[in-house]
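K.L.:
predicted model follows, preceded by the sequence.
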Amino acid sequence: MEKNNPTSETEKFFTDFLSTKKLRLTSQRKIIFNEFMTRNTHIDTDELFSKMKTIDKNIGLATIYRTLKLLTEAGIVREVKFGNEKPVYEAVIGRTHHDHLICSECGENIEFNDPELEAMQESIAKKYGYQLTGHSMYLTGLCSKCRDK
């Protein structure tokens, strides 16, 4: 394992997680894992399936779904739903925290991080006696293109 390599550390974490379930990191699971470790955008199951077929024609849709479930359970990937759209997935480990602005008309989404908003959330939690362990924020509205139609 390379020292200070987040992908190697995350791969070991995933391998250890799989072993607790008496599973192993198969070549197909590793291909799917690597896609998330190198991707900075969201991907849905259909896009992921198409992409994986270009790498390994033997990867089936069931393998995609099972691996997504495992990656999600391990906390490496999370499922995100933007309005009525089908769920998309994004890597959590190795990425900085962010929130989303989502157009309720066209589905466009923008990732952002606002330190003032983060501080406000901490302040609100403290006010009510909570210690935050995480959060996700999805702000919905109309993007400028849809608003100006």
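P.N.:
Structure's in. What do you need?
K.L.:
could you pull out the helices for this protein?
P.N.:
6-20, 27-38, 45-55, 61-73, 115-127, 144-147 (DSSP state H).
K.L.:
averaged pLDDT, the shortest one. What do you get?
P.N.:
The predicted model assigns helix 144-147 a mean pLDDT of 91.
K.L.:
may I have it as CSV, with CA atoms only?
P.N.:
Output of helix 144-147 as CSV, limited to C-alpha atoms (Å, rounded to 0.1, in the frame of the first residue of the first chain):
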residue,chain,number,x,y,z
SER,A,144,-31.5,31.2,-14.6
LYS,A,145,-32.2,29.4,-17.9
CYS,A,146,-35.5,27.9,-16.6
ARG,A,147,-36.5,31.1,-14.7
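K.L.:
quick one on the thing from earlier: let's have the helices of the chain in a markdown table, adding distance to Glu105.
P.N.:
Just so you know, the C-beta spots here come from the backbone N, C-alpha and C atoms, and that holds for glycine as well. Shown next, in a markdown table, are the helices of the chain (distance: least, C-beta to C-beta, whole Å):
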| stretch | distance to Glu105 |
| --- | --- |
| helix 6-20 | 36 |
| helix 27-38 | 28 |
| helix 45-55 | 21 |
| helix 61-73 | 28 |
| helix 115-127 | 24 |
| helix 144-147 | 4 |
